[in-house]
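Peer 1: Sharing a model that was predicted from the sequence below.
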Amino acid sequence: MISWIAPFFHRLIRCIIFTTQTAAGRLRTGNCCLPPTKVLWSMTSLSSHSLRSYHPSAHKFVFAALRFIQEQLGRDRSSEKTGHITGGELLEGIRLLGLQQFGMLCPTVFRKWGVHSTDDFGHIVFKMIEDGDMRKTSDDRLDDFLGVYDFTRVFIDEYEADTTGTV
């Protein structure tokens with residue numbers, strides 16, 4: 001059943017090694033049995049998660065949600081100790097701020113940003129930590145963000161319209 005994997009990867013590696021770019025900017029594959037578009041597709045699909053990028057607005061929104069939930073919880077953000085927000089708290093801030101800003105359109109907006117689940121927000125947070133834009137404690141884990149809530153359930157099914165007439 002798995003016998004096709006080794007030959008496929010062997011051909012893929014050969015294609016990557018022998019793929020060059022011509023002066024006109026077109027890909028030329030020497031001795032390759034896969035067309036250039038197939039080579040590029042295969043290269044990106046091998047590590048699609050590591051190559052996944054999110055719209056810059058998603059990063060800005062996460063940072064805004066951090067500030068929002070710190071304020072909601074009365075945390076002093078000038079202090080690392082008292083300003084710390086857990087992954088669950090941040091996801092609650094994302095939920096509340098998302099509902100406030102986008103209402104039932106949250107899932108649509110998030111999808112446009114490349115965010116499909118709370119897992120994606122975790123990846124954004126840890127990328128921001130890696131880039132030095134956020135800090136973490138030894139207790140913070142990517143697992144804190146995995147499968148916490150379903151966008152359709154919290155943004156659509158449980159949505160309650162504000163009918164008070166105040167903006």
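Peer 2: Everything's here; your move. Because the structure is a prediction, the values reported are computed rather than measured.
Peer 1: Spell out, range by range, the helices that occur in this structure.
Peer 2: Applying DSSP state H to the chain gives helices spanning 5-18, 36-46, 48-51, 56-72, 80-83, 87-102, 106-112, 118-130, 151-152.
Peer 1: In terms of mean pLDDT, which of these ranks lowest?
Peer 2: Among these, helix 36-46 carries the lowest mean pLDDT, a mean of 37.
Peer 1: what's next to stretch 109-120, contact-wise?
Peer 2: Here stretch 109-120 makes contact (Cβ atoms under 8 Å, 6 or more residues apart in numbering) with 52-55, 57-58, 61, 91, 98, 102, 121, 124, 145-151. Where C-beta positions appear, they are placed from N, C-alpha and C, glycine not excepted.
Peer 1: mind giving me the domain split of this structure?
Peer 2: The record's domain parsing of the chain by automatic domain parsing lists 5-48, 56-157.
Peer 1: What is the burial count for Thr163?
Peer 2: By the measure other Cβ atoms under 10 Å, the count of residues near Thr163 is 6.
Peer 1: And Arg111, by the same measure?
Peer 2: When counting by other Cβ under 10 Å, one arrives at 12 neighbours for Arg111.
Peer 1: again, but for Leu90
Peer 2: For Leu90, using other Cβ under 10 Å, the count is 25.
Peer 1: ditto for Ala161
Peer 2: Ala161 is flanked by 7 other residues according to other Cβ under 10 Å.
Peer 1: swap in Gln72?
Peer 2: Using other Cβ under 10 Å, Gln72 has 13 neighbouring residues.
Peer 1: same thing with the one 10 residues further on?
Peer 2: Neighbourhood size, Thr82 [other Cβ under 10 Å]: 11.
Peer 1: can you pull the contacts of it?
Peer 2: The contact partners of Thr82, by Cβ under 8 Å, 6+ apart, come to 75-76.
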